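Chemist: Just a sequence and a predicted model for now, questions to come.
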Amino acid sequence: MVSIPVQNFSDRARFIREAASLMSADEGIESPAIVMSRASFHFVVHGKVQHVSMRAYTKKQADKLGINGWVKNTADGTVEGDASGTVEACAKFKRWLQTRGSPRAVITKAEFTEERHIDAPVHVGFRIDKSKLANGKQWADRQ
């Protein structure tokens, strides 16, 4: 029997891949016993989504679901980003982007493009990208 200390793994997906690898090696199986289906997509969220902590809440939700990627404000008043993770986590994240967002956000539409299945994570972690205005200042500096 193989014992895997879960506390040494930063995310569930890595734990499952390691477990599959150990099970394969232990049982003489050539391919992993567990296959994780992963997805990636680009998103744009419309409505009152700036100056309502949407990016911070998006990062918090992504971290909770194990989603990797980025989010940023755009010049046209939307919030956009890329996300990748398990198919199940991506589906939950999309629902959250369409219906919840931050507590003060008013989402009118969420668009998802560039949707595809992937073999490995496209990004490492989830980050908030700083957006710049035409004058070179960051959004946080805008008055």
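Modeler: That came through, no problem. Numbering: from 1, shown residues only.
Chemist: Tell me the first helix or strand C-terminal of the longest strand anywhere in the chain.
Modeler: Identified as the longest strand of the chain according to DSSP state E is strand 106-118. Using DSSP states H and E, the next helix or strand after strand 106-118 towards the C-terminus is strand 126-128.
Chemist: any idea of the mean pLDDT in that next one?
Modeler: In this model, strand 126-128 has an average pLDDT of 95.
Chemist: what lines up beside it in the sheet?
Modeler: Neighbouring strands of strand 126-128 in its sheet, by DSSP bridges, are strand 68-73 (parallel).
Chemist: For the longest strand of the chain, give me every contacting residue.
Modeler: Counting contacts by Cβ atoms under 8 Å, 6 or more residues apart in numbering, the residues outside strand 106-118 that touch it are 37-49, 82, 84, 87, 94, 97-101. Yep, even glycine has a C-beta here, placed from its N, CA and C like the rest.
Chemist: So Val122 sits against Ser84, correct?
Modeler: Yes - assessed by Cβ atoms under 8 Å, Val122 is found in contact with Ser84 at 4.4 Å.
Chemist: And the contacts of strand 106-118, which of them are buried?
Modeler: Those of the contacts of strand 106-118 that meet the buried threshold are 38-41, 43-47, 49, 82, 84, 94, 97, 101, by 16 or more other Cβ atoms under 10 Å.
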